[in-house]
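[1] just coords:
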């Protein structure tokens, strides 16, 4: 109804709106003024309260300033008409009209100045309303009214002023507060919603207060006051204002119709009237104050609740952001499907409040393959892996097949929808499965199992989808890296030498293992070349960097070393040639290399190293580092480079290697070299293939393939060594 009135009001033109406002205020004012005369049926008498004072004040507060002249004109016109109808002279009527227009104008002006956003549901607003409209403005109107009455030959000025002030103040408190409180429902003031039970307190309070005067039972005033206080808690400002209006109306009506209430309490009607006005003012004002305090308390609790909810949302957002950032950081170095699965499942369990997680991806044949499991018991993990391999009906498999999110919130629902869950030793109480989509294609799926039954709300779904997006991107990076890795390995393998013809007095064994760190290959290389006069040239090297560029540089350096081995007379010349060659290859700059020229017939070994780890000579008496002929890496050493020479005894071993064999994060490189020398001496009497097998087992069995490993081992006179 309120909305219809507002729409009609806004659709009408200003003249129509002004006319309707004039009519509404004038009729309301006249009704209040006439009621006052009817209560006492005595000209010039002052009632318990003057309702019209509240009508005018409320109208001014509820209308814009430009409409105030219409409100004041309506009130003045109604005042004059009613006064004339009760035989009050025109000049006196005009004086009362002046008083009853100046008074609400002062009150509304003060309220607009000190409470522009008046809210009776707040203590500050209520106190400002009482100070400006209930106390101050009626005092101004009382001055004009008492002066007008004195000029008309009426009662003593002070008595009339006091009666006017109290009556109009009570009228504003009773009527204006009720009108403003009811109107506040449309303006959104903090008056609270009212249930039908709370609304029932209003007429009950009015009946009890009326009974005090009609039945002349004074004790009934106490339950009436208690009910009014209860109304303050239950119905808020609106309930108290309406109930207060009813109380004041009942009291005024009862005392105006000849009941002997004042005789019952033993006071004169004049004194009793003052007592009644003061009592009504304090009771109604106090109840309004209680209602405002309750409203502010409720507002505080609601604001606290909102702030707590906002705090929880903020914390959840921060947790989500932290989770995604942590995932992004770890995903940046997860360049295999298994690494992506491990990061996704271990990182997100806590963030989503899950018990366990599983990630599957599409295999080479398109069938789902488990890439990561976390949080499951061993028997559950084994069962899930088997079920995924059989493409059983699991939430994660269905999300993979359908490309759509799937979930359930209870174990009974899950088992009913996914029959294969019966084969899991510990079925989830709730689950959420999200497909991993890359460029519109499903590349995998991730699912979370929750311990207690729970609804899968919108926030959890949103976080799960954000995680799935990161997983899909990481899987795509892993796929591209695997392609690059395989290609680089093929290139690198093609560039490494194959076994060729060797003199019978020397045996050579080689080993190479590529790096799997970040799915990149490095630039380690080796070459074994048979030069003129049955001399054997061995070279190993390490190109700085990783990936295809390093592999290409490695191949070029190896080819150059092989060619230089046939065209030069010693290892220093090979390194000098590599210096010149590397200057034209960006990726080869600062590379290291070691070259040796071995004459099997005499055991002579000439060698030189450009920033490379020294070769190891292993004999029956021990092992030693061949540290002669050392110089800076390629492109850095002054010319010419030096070399050294040593005689290799029959049956001795010489090992050439790259740092991937001996370098570990947990120890100095010298310790790694010592371990290789000790291991070689331990197997010196073994055949060369067993020597190589032992060294690989000793040095690399438990070591992650973080760097390339190249190893060349030669032995003089292998035919003299027992197998």
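    Yes, it's here. Note that the coordinates shown come from a computational prediction; the quantities given were computed from them, not determined experimentally.
[2] beyond the helix or strand hosting residue 169, next helix or strand please.
    Here residue 169 sits within helix 157-171, counting by DSSP states H and E. The C-terminal neighbour of helix 157-171 among helices and strands, as given by DSSP H and E, is helix 177-187.
[3] so which elements touch that next one?
    With contacts taken as 3 or more C-beta pairs under 8 Å, 6 or more residues apart in numbering; DSSP states H and E, helix 177-187 sits against helix 2-11, helix 51-62, helix 221-256. For the C-beta atoms, the positions are set from N, CA and C on the backbone; glycine is no exception.
[4] touching, residue 631 and residue 607? I think so.
    No: using C-beta atoms under 8 Å, residue 631 and residue 607 do not qualify as a contacting pair, with a distance of 11.8 Å.
[5] more neighbours: which of the two?
    residue 607 (27 against 21; other C-beta atoms under 10 Å).
[6] and the next helix or strand past the helix or strand hosting the more buried one?
    In this structure, residue 607 sits in strand 604-610 according to DSSP H and E. Per DSSP H and E, the first helix or strand lying C-terminal to strand 604-610 is strand 616-619.
[7] now that next one: buried residues?
    Applying a neighbour-count criterion of 16 or more other C-beta atoms under 10 Å, the buried positions in strand 616-619 are 616, 617, 618.
[8] biggest helix in the chain, by residue count?
    Of all the segments assigned as helix in the chain under DSSP state H, the longest by residue count is helix 269-331.
[9] now the strands for the stretch 401-550 of the chain?
    Taking DSSP state E, counting those that start in this stretch, the strands of the stretch 401-550 of the chain run over residues 406-408, 430-438, 441-450, 506-513, 523-530, 536-543.
[10] tabulate those (TSV), appending distance to residue 154, mean neighbour count and mean pLDDT.
    Below are those laid out as TSV (distance: least, C-beta to C-beta, whole Å; neighbours: other C-beta atoms under 10 Å; pLDDT from 0 to 100):
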stretch	distance to residue 154	mean neighbour count	mean pLDDT
strand 406-408	84	22	93
strand 430-438	84	24	92
strand 441-450	84	24	92
strand 506-513	119	19	86
strand 523-530	116	24	87
strand 536-543	117	27	92
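[11] mind putting those strands in JSON lines, distance to residue 598 included?
    JSON lines is the format used below for the strands of the stretch 401-550 of the chain (distance: least, C-beta to C-beta, whole Å):
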{"stretch": "strand 406-408", "distance to residue 598": "67"}
{"stretch": "strand 430-438", "distance to residue 598": "54"}
{"stretch": "strand 441-450", "distance to residue 598": "53"}
{"stretch": "strand 506-513", "distance to residue 598": "7"}
{"stretch": "strand 523-530", "distance to residue 598": "10"}
{"stretch": "strand 536-543", "distance to residue 598": "5"}
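[12] who touches the helix holding residue 169?
    The set of residues that contact helix 157-171 without belonging to it, under C-beta atoms under 8 Å, 6 or more residues apart in numbering, is 32, 46-54, 99, 103, 134-135, 138-139, 141-143, 145-147, 149-150, 154, 248, 274, 277-278, 280-281.
[13] show me this structure divided up by domain.
    Residue ranges for each domain of the chain read 1-189, 190-323, 332-481, 496-720, as given by automatic domain parsing.
[14] looking at these, which has the lowest confidence?
    Of all the domains of the chain, the minimum mean pLDDT falls on domain 190-323 (a mean of 70).
[15] now the residue nearest to the spatial centre of the chain: how far from residue 323?
    Nearest residue to the geometric centre of the chain (C-alpha atoms, centre = their mean): residue 317, 1.0 Å. Counting by C-beta to C-beta, to the nearest Å, the gap between residue 317 and residue 323 amounts to 11 Å.
[16] same thing with residue 656?
    If you measure residue 656 against residue 323 using C-beta to C-beta, the figure is 49 Å.
[17] which one's more surrounded, these two?
    Between residue 656 and residue 323, counted using other C-beta under 10 Å, residue 656 has the larger neighbour count: 27 against 19.
[18] I'd say that one and residue 711 touch.
    Yes: the criterion here is C-beta under 8 Å, and residue 656 meets it with residue 711 at 7.4 Å.
[19] which neighbours do those two share?
    Counting by C-beta under 8 Å, 6+ apart, the contacts common to residue 656 and residue 711 are residue 526.
[20] may I have the phi/psi pair for residue 685?
    Here is the backbone geometry of residue 685 (degrees, to the nearest 10): phi -80, psi -10.
[21] what about it, how many residues nearby?
    Using other C-beta under 10 Å, residue 685 has 13 neighbouring residues.
[22] ok, it to residue 525 distance?
    With the distance defined as C-beta to C-beta, residue 685 ends up 30 Å from residue 525.
[23] what do you get for residue 336?
    With C-beta to C-beta as the criterion, residue 336 and residue 525 are 25 Å apart.
[24] circling back: in the helix or strand following the longest helix of the chain, what's buried?
    Heading C-terminal from helix 269-331, the first helix or strand you meet, by DSSP H and E, is helix 337-351. Residues of helix 337-351 classed as buried by neighbour count (16+ other C-beta under 10 Å): 337, 339, 340, 341, 342, 343, 344, 345, 347, 348, 349, 351.
[25] ok, residue 579 touching residue 634?
    Yes: applying C-beta under 8 Å, one finds residue 579 in contact with residue 634, separated by 5.4 Å.
[26] so for the two, which sits in the more crowded spot?
    residue 634 (29 against 22).
[27] one step back: quick one, which of the helices and strands packed on helix 177-187 is packed in tightest?
    Sort those by mean neighbour count, taking mean count of other C-beta atoms under 10 Å, and helix 51-62 sits at the top with a mean of 28.
[28] surely residue 360 and residue 398 touch.
    No: with contact taken as C-beta under 8 Å, residue 360 and residue 398 are classed as non-touching, separated by 11.1 Å.
[29] can you list the buried residues of strand 616-619 in JSON lines and add distance to residue 536?
    Supplementary listing: the buried residues of strand 616-619 in JSON lines, determined by distance: C-beta to C-beta, whole Å:
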{"residue": "616", "distance to residue 536": "17"}
{"residue": "617", "distance to residue 536": "15"}
{"residue": "618", "distance to residue 536": "17"}
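[30] ok, those vs residue 591, which is closest?
    For residue 591, the closest of those turns out to be residue 616, at 21.1 Å, with distances computed as C-beta to C-beta.
[31] if I pick the closest one, what's in contact with it?
    Residues near residue 616 by C-beta under 8 Å, 6+ apart: 623, 624, 625, 626, 653, 654, 655, 657, 673, 676, 677, 680.
[32] now the phi/psi pair for the third one, please.
    Meaning residue 625. Per-residue torsions, residue 625: phi -90, psi 130 (degrees, to the nearest 10).
[33] the residue located most distally from the centre of the chain and residue 80, how far apart?
    Each residue of the chain has a distance to the centre, and by C-alpha atoms, centre = their mean the biggest one is for residue 153: 77.3 Å. Per C-beta to C-beta, residue 153 is found 20 Å from residue 80.
[34] before we move on, what about residue 572?
    For residue 572, the distance to residue 80 equals 127 Å [C-beta to C-beta].
[35] equivalent analysis for residue 673, please.
    118 Å.
[36] find residues that contact each of residue 579 and residue 634.
    Common contacts of residue 579 and residue 634, defined by C-beta under 8 Å, 6+ apart, comprise residue 610.
[37] and residue 433, what does it touch?
    Shown in contact with residue 433 (C-beta under 8 Å, 6+ apart): 395, 396, 398, 399, 405, 406, 407, 445, 446, 447, 448.
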